[in-house]
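[1] Could you look at this predicted model? Sequence included:
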Amino acid sequence: MNRRWLLFASLLLLLTAAAQRTLGPGDAVRSIPQSSFGRGEVIKYTVHYGLINGGEATVETDNRLERVNDRPCYKATVSGRTTGSFDFFLRIRDQWRAYIDTTSILPIRSQRDIAEKNYRKKETVNFDHVNDVAEVQDHDKEKPKRTTVKIGNNSLELVSGFYYLRTFNFDRMRVGEVIKMPALLDGDNFVLEVVFKGRQIVSTKAGDIRAFKLVPKMPDNKLFRGENAISVYFSDDRNKIPVMFQAEMFVGTVKVDMMKCSGLKWPLNRVN
């Protein structure tokens with residue numbers, strides 16, 4: 001699978017935008033009130049390839065805030081690795097990190113450190129949301145490169161989009177409602193549409209959990225089977241944490257299943 005194993009990247013592309021306000025010195029470009037997440041949250045997952053446990057992943061926010069460009073930020077990290085026999089054949093060690101402005105829930109800086117078999121990539125992106133540009137630094141040892149790209153209004157990257165989606169009030173959404181979401185990946189801008197599918201109870205390693213279901217519309221590609229190949233489930237409570245991902249891929253079904261979580265602000269909505 002090599003680079004295409006980046007299932008997390010595909011699953012994390014749940015991004016959107018919000019209205020701007022007039023800026024003053026030191027202001028955030030927007031204000032998004034939220035009470036779903038904070039510091040010190042840790043969520044652990046198992047990655048299944050069919051009936052085989054093939055990997056593990058962690059989504060976490062640091063216990064303290066960081067300051068980037070004089071803005072207070074959540075330091076959020078998503079990491080994934082292969083395990084067992086998959087580790088012998090593929091050996092994946094991926095880490096995605098974002099410094100997310102606490103007021104706007106926009107990325108101020110993002111970092112990728114990808115190690116997938118023989119493939120390596122290290123990248124830092126600094127976002128300027130006032131001028132809608134991003135500076136992309138490729139930390140290749142032999143050919144380091146720095147480029148500036150134009151980005152969409154209120155653009156996010158993968159990790160920040162993960163958290164921003166949790167600011168939505170799904171109770172007010174209608175089944176079938178579509179959210180259009182701008183994203184920046186590998187220097188390219190694109191818009192992904194996600195369909196709200198309503199409520200469902202899902203079975204995870206952490207127990208049965210009441211959840212909201214969302215389905216991103218996938219473009220034609222060689223990785224996923226059809227437009228509705230990915231389903232994402234967020235807990236039906238005030239946390240709105242991602243509890244399960246399921247993807248129909250040409251190599252079979254892949255499931256990312258929550259094992260345990262800690263540091264949540266609110267009780268998880270388990271089925272008794």
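    Ah, there it is. Bear in mind that the values here come from a model prediction, so they are computed numbers and not experimental data. Numbers count the residues shown, from 1 in each chain.
[2] Do a quick rundown of the helices in the stretch 151-272 of the chain.
    Using DSSP state H, counting those that start in this stretch, the helices of the stretch 151-272 of the chain run over 158-164.
[3] Next, count neighbours for Thr82.
    23 (other CB atoms under 10 Å). Where C-beta positions appear, they are placed from N, C-alpha and C, glycine not excepted.
[4] Show me the beta-bridge partners of it.
    Beta-bridge partners for Thr82, by DSSP bridges, are Gly55.
[5] how near is Arg109 to Val194?
    25 Å (CB to CB, to the nearest Å).
[6] tell me the secondary structure for Cys142?
    Not Cys; residue 142 is Glu. coil (DSSP: H, G, I helix; E, B strand; the rest coil).
[7] Go through stretch 229-245 and flag the buried ones.
    By 16 or more other CB atoms under 10 Å, the buried positions in stretch 229-245 come out as 229-237, 239-245.
[8] Ser31 contacts Thr103, doesn't it?
    Yes - because the distance of 5.4 Å satisfies CB atoms under 8 Å, Ser31 is recorded as touching Thr103.
[9] neighbour count winner among the two?
    Using other CB under 10 Å, the more surrounded residue of Ser31 and Thr103 is Thr103, with 17 against 12.
[10] Arg166 contacts Ile32, correct?
    No - between Arg166 and Ile32 no contact is recorded; they are 10.5 Å apart, counting by CB under 8 Å.
[11] more neighbours, these two?
    Arg166 (19 against 15).
[12] Quick one, grab the pLDDT at that one.
    At Arg166 the predicted local confidence, pLDDT, stands at 94.
[13] Contact partners for it?
    34, 36-37, 234, 239-241 (CB atoms under 8 Å, 6 or more residues apart in numbering).
[14] try Ser104
    Here Ser104 is in contact with 28-32, 129, 154 (CB under 8 Å, 6+ apart).
[15] quick one: the closest residue to Gly252 other than its chain neighbours from Lys75, how far?
    Leaving aside its sequence neighbours, Gly252 sits nearest to Gly50 (CB to CB, 6 or more residues apart in numbering; 4.9 Å). Gly50 sits 34 Å away from Lys75, going by CB to CB.
[16] Those two: who's more crowded?
    Lys75 (18 against 10).
[17] so that one makes contact with Tyr99?
    Yes - Lys75 is within contact range of Tyr99, at 5.8 Å (criterion: CB under 8 Å).
[18] Need the overlap of contacts for those two.
    With CB under 8 Å, 6+ apart, Lys75 and Tyr99 have common neighbours Glu66.
[19] shaky segments in this protein?
    For the chain, the stretches with pLDDT under 70 are 1-27, 218-227, 249-251.
[20] Have a look at it and report its longest strand.
    In the chain, taking DSSP state E as the definition, the longest strand is strand 188-204.
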